[in-house]
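Chemist: coords please:
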Amino acid sequence: MSGPDYWGDNDKPKKADWKKHERDVANRTGDRRVRGSGNQPGKPMDVSGRRGRECKATLQRSMSVTIKWLANLAEQAVSMNVRPVLELRLELIEAPTPADWVLVPAQDIDDLLEAVAEPEPGPSWDRERETTPHASLGISVERLEGLVEQAEKGQSPTLEIRFTQLMGRPGVPADWVLMPAADYDLLEELACETR
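Modeler: This is a model prediction of the structure:
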């Protein structure tokens, strides 16, 4: 039993609502949420279908994406014969910056762009590039707001990241693209329409 709530802290959620995030991703993509994923053998992805999706959500102002996550995601996706997508939600972000972002292998973005005969109508898919020698990458509210602010009108706020520690690792891409989930969904939709 807890005592009196003098500061109003009991009304605030202490953790991100990861289950809601998984349900939202499944609803958005039309894929299936996998109950018990990650804690039972044979259930590696949070949401599966055309893509293998791992969902991470936080109530903090930032999160670290580790190369261990990316390597595990890529290896599990290969074993399931799907493409990997890391779904990220920073719940403290306010509009106009989206709270939902994806991190996907750069080759997958290039394949989708190739399938889109004419990129109109839609945002420009040019992307900033950076390289990190570290085992993790910090993604913060401020960083995502900066990407949105720097993107020109009609351009997707997109960043390609090369994780040098993943270079040369079989089956695990070193180059990943961070972009708003809605823009990734649009790119997939445009690619499907032209196929």
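Chemist: Point out where this structure drops to low pLDDT.
Modeler: 1-14, 36-44, 117-123, 195 (pLDDT under 70).
Chemist: switch to 80 and redo it
Modeler: For the chain, the stretches flagged by pLDDT under 80 are 1-16, 18, 34-46, 48, 117-126, 192-195.
Chemist: Give me the three-state assignment for the residue nearest the centre of it.
Modeler: Nearest to the mean C-alpha position of the chain, counting by C-alpha atoms, centre = their mean, stands residue 102 at 2.0 Å. The three-state assignment at residue 102 reads strand, by DSSP: H, G, I helix; E, B strand; the rest coil.
Chemist: ok, it - contacts?
Modeler: 85-88, 178-181, 184 (C-beta atoms under 8 Å, 6 or more residues apart in numbering). No exception for glycine: its C-beta is placed from N, CA and C like everyone else's.
Chemist: Among the residues you listed, name the ones in strands.
Modeler: Among the contacts of residue 102, DSSP state E puts 85-88, 178-180 in strands.
Chemist: Residue 140 contacts residue 58, doesn't it?
Modeler: No: judged on C-beta atoms under 8 Å, residue 140 makes no contact with residue 58 at a distance of 10.3 Å.
Chemist: Which residue of the two possesses the greater neighbour count?
Modeler: residue 58 (19 against 16; other C-beta atoms under 10 Å).
Chemist: Test my guess that the more buried one contacts residue 90.
Modeler: Yes: proximity of residue 58 to residue 90 meets the contact threshold set by C-beta under 8 Å, at 6.0 Å.
Chemist: Skip the chain neighbours and tell me the closest residue to residue 58.
Modeler: residue 16 (5.0 Å; C-beta to C-beta, 6 or more residues apart in numbering).
Chemist: Confirm that neighbour sits in a strand?
Modeler: No: Residue 16: not assigned to a strand; according to three-state DSSP it is coil.
Chemist: what about it, neighbour count?
Modeler: Residue 16: 19 surrounding residues under other C-beta under 10 Å.
Chemist: Just give me the neighbour total for the nearest residue to residue 15 once chain neighbours are set aside.
Modeler: Distances taken as C-beta to C-beta, 6+ apart put residue 59 closest to residue 15, at 6.5 Å, once the chain neighbours are dropped. A count of neighbours around residue 59, defined by other C-beta under 10 Å, yields 14.
Chemist: how far away is the nearest residue to residue 49 once chain neighbours are set aside from residue 56?
Modeler: In this structure, residue 49 finds its nearest non-sequential neighbour in residue 31, 3.0 Å apart by C-beta to C-beta, 6+ apart. Applying C-beta to C-beta, to the nearest Å, the value for residue 31 to residue 56 is 16 Å.
Chemist: Need the overlap of contacts for residue 140 and residue 58.
Modeler: Jointly contacting residue 140 and residue 58 under the rule C-beta under 8 Å, 6+ apart are residue 90.
Chemist: Understood, closing this out.
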